[in-house]
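the following block contains a protein sequence and its predicted model.
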Amino acid sequence: MATTDNNSKRLVDRFGRHVSYARLSVTDRCDFRCVYCMSEDMTFLPRAQVLTLEEIYTLARTFTELGVTKLRLTGGEPLVRRNILWLVREIGKLPGLGELVLTTNGSQLDRLAEPLSDAGVKRINLSLDSLHEGRFRTITRVGDLNKVLRGIEAARAAGFKRLKLNTVILKNRNEDEILDLVNYVVERGMDISFIEEMPLGLVDDHNRALTFYSSDQVRRDIETRYRLVPTTETTGGPARYFQVADTDSRVGFISPHSHNFCESCNRVRVTVQGNLLLCLGQEHSVDLRHVLRANPGDDARLRQAIIDSMAIKPEGHDFDLNRQVVIMRHMSVTGG
Ligand code: SAM
Ligand code: SF4
């Protein structure tokens, strides 16, 4: 059986992969409705199905006790969850946690960047798909670009290092902004990752097979102006990183359609309902909310459930663009 290693401190799966990174979704709600992520008219989860902040904290603590050193808070939009700063502060104090990081759409950062830094968030990834106000609104359906840009400046002023943009490129929507977005990060010493759209959840806006714009194409576009130098850096995920020559910035390409990264996968995800997902592209999961609520205060049960989950972590994913939905979960539930 796949278990922890000899000192019971590490999560190791059947393929010898060590899980050191957990991404926790803290809400399925969001103040945006990005066209690739949600439908215009989303139904959000009833409160009883959503983990409480205390339950999320218990999960975070248990993961770190099992040797997880990096935690990412995501969503939905993590910063719209009420009392999120309490959770960030508590998780920030966990011994054994190397890095607490956050993924956000930036809409609340102008007011929260500084308290997040004070509470122990080390790095922030920010989603930004367009630098044109009207187009930004079309892609997010409701977002205000200027507020997000102010949020980015607030994060820089709060001292966040290596701020990174996450950009989803859709053909005929924003592929003509690739170079402008790279210029934007280069001017600010930030990084950027370009993400291929993944078939997660039903979206009503477009046919994903028609909007697909490959990472290889993005790379070719960037190389019309910049020289990209491969780096050996890996986060154990689907990203490949390049240094933009003669600048402080790096460009990453997140290509989930390639299988190349699965063998080094070091991560698990927990949905806001407490489902422990062993692979973003497969349905294998364990209901940790049930474990938490059926055994209140019983840390040993929770630890064992997480250890046992290693036995069902799949070898790899199976995305297929020609099927409009492969995985019924929206990214906002999974945590991106
Ligand atoms: N609301 C936050 C944000 O937008 O950064 C955090 C959650 S969001 C689900 C995390 C990331 O997932 C974002 O960078 C978003 O662009 C990306 N994302 C959402 N749906 C996606 C999809 N179908 N394919 C690829 N990336 C997606
Ligand atoms: Fe909200 Fe992030 Fe999804 Fe956009 S990508 S709708 S900001 S959760």
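Nice, thanks for sending it over. Numbering: from 1, shown residues only. Ligands and ions are numbered 1, 2, ... in the order given.

three-state assignment of Ser130?
Here Ser130 is coil, with the state taken from DSSP: H, G, I helix; E, B strand; the rest coil.

tell me which residues touch it, please.
Applying Cβ atoms under 8 Å, 6 or more residues apart in numbering to Ser130 gives the contacts 136, 139, 145, 174, 177. Any C-beta I mention is one placed from the backbone N, CA and C, and that applies to glycine too.

which of those has the most neighbours?
Counting neighbours by other Cβ atoms under 10 Å, Ile139 leads these with 25 neighbours.

which residue packs closest to it, ignoring adjacent ones?
Nearest non-adjacent residue to Ile139, counting by Cβ to Cβ, 6 or more residues apart in numbering: Asp129, 5.0 Å away.

which strand or helix spans Lys180?
That one is not Lys; residue 180 is Asp. helix 178-188 (DSSP states H and E).

sorry, slip of the keys, the one I care about is Ile192.
Element membership of Ile192, judged by DSSP H and E, is strand 191-195.

what angle separates that strand from helix 178-188?
Relative orientation of strand 191-195 versus helix 178-188 (axes from the mean of the first three to the mean of the last three Cα atoms, to 10 degrees): 160 degrees.

now the helix or strand just after strand 191-195: buried residues?
Where DSSP H and E defines the elements, the next helix or strand beyond strand 191-195 is helix 208-211. Applying a neighbour-count criterion of 16 or more other Cβ atoms under 10 Å, one finds 208, 211 buried in helix 208-211.

quick check, the next helix or strand after helix 208-211 touching ligand 1?
Downstream of helix 208-211, the first helix or strand assigned by DSSP H and E is helix 215-222. No - using Cβ under 6 Å from any ligand atom, helix 215-222 stays clear of ligand 1, coming no nearer than 11.7 Å.

if we can go back for a sec, show the contacting residues for the residue nearest to Ile139.
Contacts of Asp129 by Cβ under 8 Å, 6+ apart are 34, 136, 139-140, 167-170, 173-174, 177.

including secondary structure, distance to ligand 2 and pLDDT, could those go into a markdown table?
Formatted as a markdown table, the contacts of Asp129 follow (DSSP: H, G, I helix; E, B strand; the rest coil; distance: Cβ to the nearest ligand atom, whole Å; pLDDT from 0 to 100):
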| residue | secondary structure | distance to ligand 2 | pLDDT |
| --- | --- | --- | --- |
| Cys34 | coil | 3 | 95 |
| Phe136 | helix | 11 | 98 |
| Ile139 | helix | 9 | 96 |
| Thr140 | helix | 6 | 97 |
| Thr167 | strand | 11 | 97 |
| Val168 | strand | 8 | 95 |
| Ile169 | coil | 14 | 94 |
| Leu170 | coil | 13 | 92 |
| Arg173 | coil | 14 | 92 |
| Asn174 | coil | 14 | 96 |
| Glu177 | helix | 17 | 98 |
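
and ligand 1, which of those reach it?
Answer for these near ligand 1 (Cβ under 6 Å from any ligand atom): Val168.

and which of the contacts of Asp129 is nearest ligand 1?
Val168 (4.6 Å; Cβ to the nearest ligand atom).

you'd agree that closest one is up against Glu197?
Yes - applying Cβ atoms under 8 Å, one finds Val168 in contact with Glu197, separated by 5.7 Å.

need the residues touching each of the two.
Tyr36.

return the residues in contact with the residue nearest to Glu114 when sequence neighbours are not counted.
Once flanking residues are discounted, Glu114 sits nearest to Ala158: 4.5 Å by Cβ to Cβ, 6+ apart. Counting by Cβ under 8 Å, 6+ apart, Ala158 makes contact with 113-114, 116-117.

for Ala22, give its distance to ligand 1.
15 Å (Cβ to the nearest ligand atom, to the nearest Å).

spit out the contact partners of that residue.
Shown in contact with Ala22 (Cβ under 8 Å, 6+ apart): 59-60, 63, 68, 70-72, 267-270.

before we move on, which element is it in?
Per DSSP H and E: Ala22 is located in strand 21-25.

which parts of the following helix or strand past that strand are buried?
Counting by DSSP H and E, the next helix or strand C-terminal to strand 21-25 is helix 53-65. By 16+ other Cβ under 10 Å, the buried positions in helix 53-65 come out as 53, 55-65.

out of those, which is nearest to ligand 1?
The shortest approach to ligand 1 among these belongs to Ile56, at 15.2 Å (Cβ to the nearest ligand atom).

correct me if wrong: that closest one contacts Val26.
Yes - assessed by Cβ under 8 Å, Ile56 is found in contact with Val26 at 6.0 Å.

common neighbours of those two, please.
Joint contacts of Ile56 and Val26 (Cβ under 8 Å, 6+ apart) are Leu87.

quick one: Arg10 from Gly106, how far?
35 Å (Cβ to Cβ, to the nearest Å).

with that, I have no additional questions.
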